[in-house]
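In: Coordinates for the following, if possible.
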Amino acid sequence: MFVVESYAAVRRFVFLEGHSRREAARVFGLSRDTVAKMCRYSAPPGYVRTRPPDKPKLGALVPVIEAILEADRAAPPKQQHTAKRIFERLRDEHGYGGGYTVVKDHVRRQRARGREVFVPLAHPPGHAQVDFGEAEAVIGGVRQKVHFFCMDLPQSD
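Out: Numbering: from 1, shown residues only. Next comes the predicted model:
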């Protein structure tokens, strides 16, 4: 992996000083493909897996774990399985020979996948929220439909 300084130096050499990518590859001792990638991205792109890692020991037991977690959704919180208890059940009932950490990590990912997510709101000064609606009101003793406009300045929350 290249440090950010060398990354910036290659980009400066090509874009600001006007040298060719081939010359940059020769000067910095890099391949032309590497220089092309450095010119394509403003910051070094991180490593991205092409597929999830294999789980040779846990792979066959993933449906069992998912069935346990599905059954736990209907159970009261105090009666739901912990990752340790799921590991013990896999070891005792299904002959699982793998480690606890693999099971714990899988359970954590599965539980996080079904969890509800909240996005915090930010309201800068001067921004407003508006809405239109209709309601029934009694005006002069007569019940009638009225239309209304509602505006809120939510900056103070």
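
In: helices and strands around the least confident helix or strand in the chain by mean pLDDT, which ones?
Out: The helix or strand of the chain with the poorest confidence is helix 4-11; it has a mean of 87 (mean pLDDT, DSSP states H and E). Taking 3 or more C-beta pairs under 8 Å, 6 or more residues apart in numbering; DSSP states H and E as contact, the helices and strands that helix 4-11 lies on are helix 21-28, helix 32-40. For every residue, glycine as well, the C-beta is placed using N, CA and C.

In: helices and strands around the shortest one, which ones?
Out: What it means is helix 21-28. Helix 21-28 packs on helix 4-11, helix 32-40, going by 3+ C-beta pairs under 8 Å, 6+ apart.

In: Please work out which residues outside that helix touch it.
Out: With contact meaning C-beta atoms under 8 Å, 6 or more residues apart in numbering, helix 21-28 is reached by 6, 9-10, 13-14, 19, 30-32, 34-36, 39.

In: Mind putting those into CSV with distance to Phe148 and neighbour count?
Out: Supplementary listing: those in CSV, determined by distance: C-beta to C-beta, whole Å; neighbours: other C-beta atoms under 10 Å:
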residue, distance to Phe148, neighbour count
Ser6, 62, 13
Ala9, 62, 16
Val10, 61, 23
Phe13, 63, 20
Val14, 60, 19
His19, 66, 15
Leu30, 66, 18
Ser31, 67, 9
Arg32, 66, 13
Thr34, 63, 16
Val35, 63, 23
Ala36, 60, 14
Cys39, 57, 15
